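Novice: Kindly return the folded structure for what I paste below:
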Amino acid sequence: MKRIFSLLLFILVLYAGWKFVDWALVRAVWQPDPRACRAASGACWGFIVEKHRLIAFGTYPHEEHWRPALASLFLIALWVLSAWKALWKPQLIAAWAVGLLVIGALMWGGVFGLPYVENERWGGLILTLLLTTFGLAFAFPLSILLALGRRSQLPLIRALCVAYIELIRGVPLISVLFMASVMLPLFLPAGVSIDKLLRAQIALILFAAAYLAEVVRGGLQAIPKHQYESADALGLTYFERTLWIVLPQALRIAVPPLVNTCIGFFKDTSLVLIIGLFDLLSTIKVSLNDPAWTGFGVEAYLFAALVYFVFCFAMSRYSRSLESAGLGGAATLR
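Specialist: Residues are numbered from 1 along each chain as shown. Below you'll find the model as predicted:
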C-alpha cells in the first residue's frame with residue numbers, strides 16, 4: 001500500500017512539475033509585449049524584462065542606473081568576501097569601510113562629477129540589500145551587548161536590557177517603523193531632522209537587535225559552567241573570558257537560530273513600504289499598477305519569490321558550512 005501511495009504521489013508531483021515547466025518555460029512569452037502576453041497561454045516574463053529597471057533600482061534616475069548596479073555588485077562582493085573564513089582578519093574591516101565609502105559615493109553622488117541623487121529616490125533590490133546589510137551590521141554587536149547585559153550581575157543594567165528586549169519584542173515591526181517615522185522627529189532639537197531612510201534604518205536596527213540578543217543569550221546559557229570556572233581559575237578578566245572563551249563558543253552554538261533570524265530580517269525589510277520606502281517587493285507592486293501590465297501578478301510575485309529564495313538559500317547553505325567547520329575555532333577550557 002505504501003509503495004502504491006508513493007508511486008501515485010510521484011506521478012502527481014511529476015505531472016504538476018511538467019505542467020509548471022510547460023507554463024513557465026515552454027509556452028512563456030519573453031518579449032516585453034503586453035498583447036502577445038495576453039494572447040499566450042503561458043507565463044509572461046516580458047513583464048520582468050520591461051520593468052526590471054524599476055524593480056532593481058526604484059525611481060533612481062534612468063541615465064544613472066549603472067551606479068546602483070555597480071553598488072549592488074560591490075555589496076554582494078563584500079558579502080562573499082566576508083563569508084570566506086580565511087579573510088576573517090582586521091583587513092576585512094578596512095575592506096568594508098572602503099567598500100561602503102565607494103557604495104555611498106556611487107549612490108549619493110555629488111563627488112567625482114557624479115550628479116547628486118537624494119536617497120528618497122533609492123528603491124528596489126539595492127534598497128533591500130542596503131537595509132539588510134546596515135541593519136545586521138549594527139544590530140549584531142548591539143545584540144551581543146544586550147545579551148551580556150541581560151545576564152549581568154548589576155541589577156540596573158540587567159533591568160534596562162530586559163526592559164528594552166521585552167518592549168521591542170512585544171510590538172510588531174510595523175509599529176516600530178511607524179514610531180520611528182512619525183515620533184522620532186518630535187524628540188529631536190529644533191532645526192535637526194533625520195531623513196526617512198535613516199529613520200527606517202534605525203528602527204530596523206533596534207528591532208533586529210532585540211531578537212538577535214535572545215538568540216545570543218541562548219548560546220551563552222548553553223556554555224557549560226566549568227568553562228567560566230576554568231577561565232576564572234586561570235586568572236582571566238571578565239572581558240578576556242567573554243571575548244576569547246565564552247562568546248566564540250556561544251556564537252558557534254547559536255549559528256542556526258542566528259541565520260534564521262537574519263533570513264527573517266532580510267524578508268521583513270519589505271515592511272518599509274508602510275513609511276513610503278519602495279524596496280524590491282514594493283517596486284514590483286508599483287510595476288503592476290501600469291495599465292498595460294495589469295493581470296500579471298503571478299509572474300511578478302514568482303520572480304520576487306525567486307530573488308528572495310536565492311539570497312535566503314545562500315544564507316542557509318552558508319550557515320550549514322559554518323556549523324560543520326566550526327565558527328572560527330572557538331577555544332574551550334578543559
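
Novice: buried stuff in stretch 276-293?
Specialist: Residues of stretch 276-293 classed as buried by neighbour count (16 or more other C-beta atoms under 10 Å): 277-284, 286-288, 293. No exception for glycine: its C-beta is placed from N, CA and C like everyone else's.

Novice: Who are the contact partners of the closest residue to Phe138 other than its chain neighbours?
Specialist: The shortest distance from Phe138 to any residue other than its chain neighbours is 4.7 Å, reached at Ile205 (C-beta to C-beta, 6 or more residues apart in numbering). The contact partners of Ile205, by C-beta atoms under 8 Å, 6 or more residues apart in numbering, come to 134-135, 138-139, 142.

Novice: rewinding a little: will you turn the buried residues of stretch 276-293 into CSV that also has secondary structure and pLDDT?
Specialist: Below are the buried residues of stretch 276-293 laid out as CSV (DSSP: H, G, I helix; E, B strand; the rest coil; pLDDT from 0 to 100):
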residue, secondary structure, pLDDT
Leu277, coil, 88
Phe278, strand, 89
Asp279, strand, 89
Leu280, helix, 91
Leu281, helix, 89
Ser282, helix, 89
Thr283, helix, 92
Ile284, helix, 92
Val286, helix, 90
Ser287, helix, 90
Leu288, coil, 90
Trp293, helix, 89
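
Novice: about what we covered before: hmm, which two among the contacts of Ile205 are most spread apart?
Specialist: Greatest spatial distance in the contacts of Ile205: Phe134 and Leu142, 12.4 Å, computed using C-beta to C-beta.

Novice: what's near enough to touch Ile174?
Specialist: The neighbourhood of Ile174, defined by C-beta under 8 Å, 6+ apart, consists of 271, 274.

Novice: quick one: it from Pro90, how far?
Specialist: Using C-beta to C-beta, to the nearest Å, we find Ile174 at a distance of 39 Å from Pro90.

Novice: With Leu130 instead?
Specialist: 24 Å.

Novice: Kindly report the same for Ser230.
Specialist: 28 Å.

Novice: So which of those two has more stuff around it?
Specialist: More crowded of Ser230 and Pro90, by other C-beta atoms under 10 Å: Ser230, with 16 against 7.

Novice: Name the spans of this structure whose pLDDT lies under the cut-off.
Specialist: Applying pLDDT under 70 to the chain picks out residues 325-334.

Novice: quick check: domain ranges of it?
Specialist: Structural domains assigned to the chain are 25-60+117-325, 63-116, following automatic domain parsing.

Novice: Pull out the buried positions in stretch 293-311.
Specialist: Neighbour-count burial for stretch 293-311, counted by 16+ other C-beta under 10 Å, picks out 293, 296, 299-300, 303-304, 307-308, 311.
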